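**Student:** sequence below, structure please.
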Amino acid sequence: MAHGDEPHDYSSPVCYAADIAAVASTWSEIRAWRKATRAELIARRMARDPAERKRLSEPVIDQLHSLINARRYPVLGLYWPIRAEIDLREFARQHVAAGGIVGLPVVVEDAAPLEFWRWRPAVALKRGRWNIPVPPERDLVHPDVLVVPLVGFDAQRYRLGYGGGFYDRTLAAAKPRPRTIGIAFRDAQLPSIFPQPHDVPMDTIVTEHSPSGLG
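**Tutor:** So this is what the prediction gives:
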């Protein structure tokens with residue numbers, strides 16, 4: 001689903017500020033709004049029944065198969081699922097089986113870009129920052145395309161993440177910059193995340209409801 005075409009309705013919408021425009025006046029107010037909205041979106045995502053989450057994930061993953069193949073995008077940056085994110089582990093195994101390479105994001109330093117370390121299906125992971133699994137050895141890869149988890153997003157393809165700014169710094173520093181596909185469930189769409197100069201929009205956002213393409 002490439003957002004930015006038409007307005008959407010929202011199922012179980014997040015409880016925004018009474019007047020959402022009123023929070024957009026200063027960065028401190030926007031930051032506080034993002035923190036509260038992030039917490040609510042994550043809580044709702046984690047409360048979803050696992051069977052329902054799996055059902056909603058399937059069309060997202062089907063779309064990724066139509067967008068990404070190992071010949072066009074041999075090096076794929078993915079993520080290890082946490083907090084009820086869409087689980088792409090089988091997608092990663094299939095990409096490797098097709099001859100591709102998968103890298104997982106690793107935080108090596110605060111306020112610095114992410115590194116992507118090569119993931120191999122048969123190799124056990126270790127615990128990285130915040131206990132997120134990462135490859136056991138620093139084998140750097142440079143993704144052709146990144147699939148990025150979204151806590152929330154808006155019609156301009158701006159992403160609400162976990163608040164660390166790691167993907168924004170990574171994309172700003174990357175040369176060449178990889179293609180970016182953000183994925184989320186449709187009910188994570190927001191009227192706006194109030195983007196700031198440091199925010200980097202996704203090239204494409206895919207949800208369970210609409211097909212999309214990289215262009």
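**Student:** ok, W27 - how many residues close by?
**Tutor:** 10 (other Cβ atoms under 10 Å). Where you see a C-beta, it was placed from the backbone N, CA and C, and this is true even at glycine.
**Student:** in this structure it contacts Q196, no?
**Tutor:** Yes: the pair formed by W27 and Q196 meets the contact definition of Cβ atoms under 8 Å, at 6.7 Å.
**Student:** what's the spacing between the nearest residue to P143 once chain neighbours are set aside and H142?
**Tutor:** Among residues not flanking P143 along the chain, G77 sits closest, at 3.3 Å (Cβ to Cβ, 6 or more residues apart in numbering). Going from G77 to H142 by Cβ to Cβ, to the nearest Å gives 9 Å.
**Student:** these two: who's more crowded?
**Tutor:** The residue with more neighbours, out of G77 and H142, is G77; 27 against 14, by other Cβ under 10 Å.
**Student:** need the longest helix for this protein.
**Tutor:** When the chain is parsed with DSSP state H, its longest helix is helix 27-47.
**Student:** and the contacts of the next helix-or-strand element following that helix?
**Tutor:** Next helix or strand after helix 27-47 toward the C-terminus (DSSP states H and E): helix 50-67. Outside helix 50-67, the residues within contact range by Cβ atoms under 8 Å, 6 or more residues apart in numbering are 45, 48, 84, 86-88, 90-91, 147, 181, 183, 185, 204, 206-209, 211-214.
**Student:** buried subset of those residues?
**Tutor:** 45, 84, 86, 88, 91, 147, 181, 183, 185, 204, 206-208, 212 (16 or more other Cβ atoms under 10 Å).
**Student:** so which of those sit within strands?
**Tutor:** Using DSSP state E, the subset of the buried ones among the contacts of helix 50-67 located in strands is V147, I181, I183, T204, V206.
**Student:** mind listing what's buried along stretch 94-101?
**Tutor:** In stretch 94-101, counting by 16+ other Cβ under 10 Å, buried: Q94, H95, V96, G100, I101.
**Student:** distance to N69, secondary structure and pLDDT added to those residues, as a markdown table?
**Tutor:** Output for these, formatted as a markdown table (distance: Cβ to Cβ, whole Å; DSSP: H, G, I helix; E, B strand; the rest coil; pLDDT from 0 to 100):
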| residue | distance to N69 | secondary structure | pLDDT |
| --- | --- | --- | --- |
| Q94 | 10 | helix | 97 |
| H95 | 8 | helix | 98 |
| V96 | 13 | helix | 98 |
| G100 | 8 | coil | 98 |
| I101 | 13 | strand | 98 |
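**Student:** between those residues, which sits nearest V134?
**Tutor:** I101 (15.8 Å; Cβ to Cβ).
**Student:** that closest one against R120, yeah?
**Tutor:** No: I101 lies out of contact with R120 (Cβ under 8 Å); the separation is 9.4 Å.
**Student:** re the thing from before, ok, the ones in strands among the buried ones among the contacts of helix 50-67 vs K126, which is closest?
**Tutor:** When those are compared against K126 (criterion: Cβ to Cβ), the nearest one is V147, at 22.0 Å.
**Student:** could I get the full set of helices for this structure?
**Tutor:** Using DSSP H, helices in the chain cover 27-47, 50-67, 89-97, 166-173.
**Student:** and of those, who's closest to V200?
**Tutor:** Of all these, helix 166-173 comes closest under Cβ to Cβ, at 4.6 Å.
**Student:** buried sites along that closest one?
**Tutor:** Buried residues in helix 166-173 (16+ other Cβ under 10 Å): F166, Y167, D168, R169, T170, L171.
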